[in-house]
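**Q** Provided below are the primary sequence and the corresponding predicted coordinates.
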Amino acid sequence: MEHESPRTVRIALGSRSYDILVGPGLIAGAGREIARRLPGARAAIVTDETVAGLHLPALLASLGAAGLEATPIVLPAGERTKSFEQLVALVDRLLELRLERGDAVIALGGGVIGDLAGFAAGIVKRGMRFVQVPTTLLAQVDSSVGGKTGINSPRGKNLVGVFHQPDLVIADTSVLDTLAPREFAAGYAEMVKYGLIDRPDFFAWLEENRPAIFAGGAQRAEAVAQCCRAKAVVVEEDEREDGRRALLNLGHTFGHALEAGVAYDPARLVHGEGVAIGMALAHRFSARLGLCPPEDAARAAAHLEAAGLPTRIGQIPGAGFTCEALMGKIAQDKKVKRGRLTFILTRGIGQSFVSDDVDPAKVEAFLKDEIDAR
Ligand SMILES: NC(=O)c1ccc[n+]([C@@H]2O[C@H](COP(=O)([O-])OP(=O)(O)OC[C@H]3O[C@@H](n4cnc5c(N)ncnc54)[C@H](O)[C@@H]3O)[C@@H](O)[C@H]2O)c1
Ligand SMILES: O=C(O)C(=O)C[C@@H](O)[C@H](O)[C@H](O)COP(=O)(O)O
Ligand SMILES: [Zn+2]
């Protein structure tokens with residue numbers, strides 16, 4: 001793969017089209033890029049306590065240098081911030097600041113901040129402008145792109161939200177240097193997902209280049225841009241998940257049920273880890289159905305494990321999942337149509353497909369075995 005920096009990936013969605021800028025050190029020029037696209041806008045920067053201490057000063061300096069007036073709104077870090085309580089408080093703060101519809105909500109943080117701030121931007125004054133400055137690997141390769149926003153319910157993940165595309169995404173790959181290794185690995189799971197969906201060559205490239213991606217440098221930025229390109233193709237074709245976009249949910253039917261099952265406690269499970277376990281389960285389940293060669297299921301799991309990710313339910317600390325509880329969460333999945341479960345299954349590495357023909361009894365029997373397995 002060639003090394004050029006920074007890279008621009010365009011999401012072509014008619015009047016909702018936007019650029020994703022990827023490369024090291026981009027926050028320094030963020031004010032200029034935002035002011036160019038949203039001239040005269042005021043801004044609220046939504047961030048979390050951890051990211052505020054590390055990267056907010058640089059963003060504020062960049063916005064100030066470009067003449068953009070910006071007010072920070074700092075929220076607690078972690079998955080439990082994607083809640084109704086935090087949404088209500090955030091909406092009230094945006095209104096208190098008297099921001100107009102043409103002003104910008106800037107999300108500086110991981111997927112939690114991006115999903116929550118994007119939801120608020122989508123509903124305040126029926127839709128404010130929105131800029132994503134993703135600071136986790138997961139947010140750079142996935143959550144900042146594509147316009148899904150929302151919050152969790154105790155009844156399930158992301159059950160309340162809107163589609164609201166950003167006006168710009170600035171993925172500064174240098175900020176990943178401060179990310180905890182566990183969070184970097186969690187983001188890597190969503191990176192592997194693109195290979196497992198329909199890019200076997202990218203999966204093989206990741207098998208070769210994983211150590212370099214974790215170490216930083218050109219391969220990391222190139223891998224982030226590759227993932228954004230992969231997601232762009234799917235979102236351009238099916239913005240609101242009427243069909244093909246469901247492929248991006250590989251591993252998520254199981255993963256989301258596990259996240260809800262730990263009550264969104266990041267000490268036990270973070271989203272990317274849930275996706276890693278979910279993708280391993282989707283491959284093993286496909287193998288059990290006779291769809292996927294068992295050696296491909298083993299290869300997918302081995303790569304995730306090499307990255308330090310869990311691939312079994314029993315690896316979640318304090319496990320105590322029941323099949324009934326997990327099936328109850330799965331029944332609330334947003335892909336359910338007329339009561340029928342939709343699953344992303346696979347015929348092998350990079351050969352995933354959407355199936356609405358899965359027998360719930362087979363899922364239940366499989367999950368029971370997986371819960372009991374060590
Ligand atoms: N909208 C979408 O398309 C989409 C896609 C994938 C995931 N998601 C959602 O994203 C969320 C997970 O996102 P996440 O993994 O980024 O979690 P997160 O936002 O909770 O961030 C993980 C942790 O890293 C910290 N952090 C963030 N940037 C940092 C940095 N540069 N240096 C040091 N620490 C930093 C945060 O404070 C937090 O504690 C889930 O809610 C998931 O549902 C949404
Ligand atoms: O962008 C998408 O589409 C995805 O499915 C990406 C997922 O990685 C992400 O976790 C998303 O939030 C899940 O969507 P949901 O509709 O299942 O809540
Ligand atoms: Zn995800």
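**A** In hand now; what should we look at? Ligands and ions are numbered 1, 2, ... in the order given.
**Q** and the residue nearest the centre of the chain, backbone torsions?
**A** Centroid check for the chain by Cα atoms, centre = their mean gives residue 143 as the closest residue, at 3.4 Å. Here is the backbone geometry of residue 143 (degrees, to the nearest 10): phi -70, psi -20.
**Q** count the neighbours of residue 177 for me.
**A** Other residues near residue 177 number 11, with proximity taken as other Cβ atoms under 10 Å. In short, each C-beta sits where N, CA and C put it, glycine included.
**Q** can you pull the pLDDT of it?
**A** For residue 177, the model assigns a pLDDT of 97.
**Q** who's in contact with it?
**A** residue 216 (Cβ atoms under 8 Å, 6 or more residues apart in numbering).
**Q** how much space between it and residue 294?
**A** Per Cβ to Cβ, to the nearest Å, residue 177 is found 39 Å from residue 294.
**Q** got the contact list for the residue nearest to the centre of the chain?
**A** The contact partners of residue 143, by Cβ under 8 Å, 6+ apart, come to 110, 111, 114, 115, 134.
**Q** is ligand 1 within reach of the host helix or strand of the third one?
**A** Assessed by DSSP states H and E, residue 114 sits inside helix 111-123. Yes. Using Cβ under 6 Å from any ligand atom, helix 111-123 reaches ligand 1 at 111, 112, 113, 115.
**Q** who are the contact partners of residue 365?
**A** Listed by Cβ under 8 Å, 6+ apart, the contact set of residue 365 is empty.
**Q** where does the stretch 251-374 of the chain have low pLDDT?
**A** Applying pLDDT under 70 to the stretch 251-374 of the chain flags residues 374.
**Q** now do residue 206: how many residues are near it, please.
**A** Neighbours around residue 206, by other Cβ under 10 Å: 22.
**Q** quick check: nearest residue in space to it, chain neighbours excluded?
**A** Nearest residue to residue 206, sequence neighbours excluded (Cβ to Cβ, 6 or more residues apart in numbering): residue 195, at 5.7 Å.
**Q** tell me the confidence at the one you found?
**A** Confidence score, pLDDT, at residue 195: 98.
**Q** helix or strand: which one has it?
**A** Going by DSSP H and E, residue 195 is part of helix 181-198.
**Q** follow-up on the earlier one: list just the nearest of the residues of helix 111-123 next to ligand 1 to ligand 1.
**A** Nearest to ligand 1 among the residues of helix 111-123 next to ligand 1: residue 111, at 2.0 Å, using Cβ to the nearest ligand atom.
**Q** so is the helix or strand where residue 253 lies next to ligand 1?
**A** Assigning secondary structure by DSSP H and E places residue 253 in helix 252-261. No. Helix 252-261 is not in contact with ligand 1 by Cβ under 6 Å from any ligand atom; minimum separation 7.7 Å.
**Q** tell me the helices and strands packed up against that helix.
**A** Judged by 3 or more Cβ pairs under 8 Å, 6 or more residues apart in numbering; DSSP states H and E, the packing partners of helix 252-261 are strand 156-160, helix 271-288, helix 323-330, strand 343-346.
**Q** who touches it?
**A** With contacts defined as Cβ under 8 Å, 6+ apart, helix 252-261 is touched by 79, 152, 154-158, 269, 271, 274-279, 281-282, 313, 316, 321, 325-326, 329-330, 333, 335, 341-344, 367.
**Q** same thing but 7 Å
**A** With contacts defined as Cβ atoms under 7 Å, 6 or more residues apart in numbering, helix 252-261 is touched by 156-157, 269, 271, 274-275, 277-278, 281-282, 313, 316, 321, 325-326, 329-330, 333, 335, 343.
**Q** stretch 17-35 now?
**A** If you take Cβ under 7 Å, 6+ apart as the criterion, stretch 17-35 is touched by 5-11, 55, 58-59, 62-63, 65-68, 104, 131, 133, 145, 165-175, 221, 224-225, 228.
**Q** just stretch 57-76 next, same as before
**A** Stretch 57-76 has contacts (Cβ under 7 Å, 6+ apart) with 27-32, 34-35, 42-49, 52, 56, 81, 86, 90, 93, 97, 108, 133.
**Q** now find how far off-centre it is within its chain.
**A** 24 Å (Cα atoms, centre = their mean, to the nearest Å).
**Q** that stretch and ligand 1 in contact?
**A** No. Using Cβ under 6 Å from any ligand atom, we find that stretch 57-76 stays clear of ligand 1, coming within 9.0 Å at best.
**Q** mind listing what's buried in that stretch?
**A** Under the neighbour-count criterion of 16 or more other Cβ atoms under 10 Å, stretch 57-76 has 58, 59, 60, 62, 63, 66, 68, 70, 72, 73, 74, 75 buried.
**Q** what do you get for stretch 304-311?
**A** Under the neighbour-count criterion of 16+ other Cβ under 10 Å, stretch 304-311 has 304, 307, 309, 310, 311 buried.
**Q** check contacts around the residue lying closest to residue 94 once chain neighbours are set aside.
**A** In this structure, residue 94 finds its nearest non-sequential neighbour in residue 124, 5.1 Å apart by Cβ to Cβ, 6+ apart. Contact analysis of residue 124 by Cβ under 7 Å, 6+ apart lists 91, 94, 95.
**Q** if anything else comes up later, I'll come back, but that's it for now.
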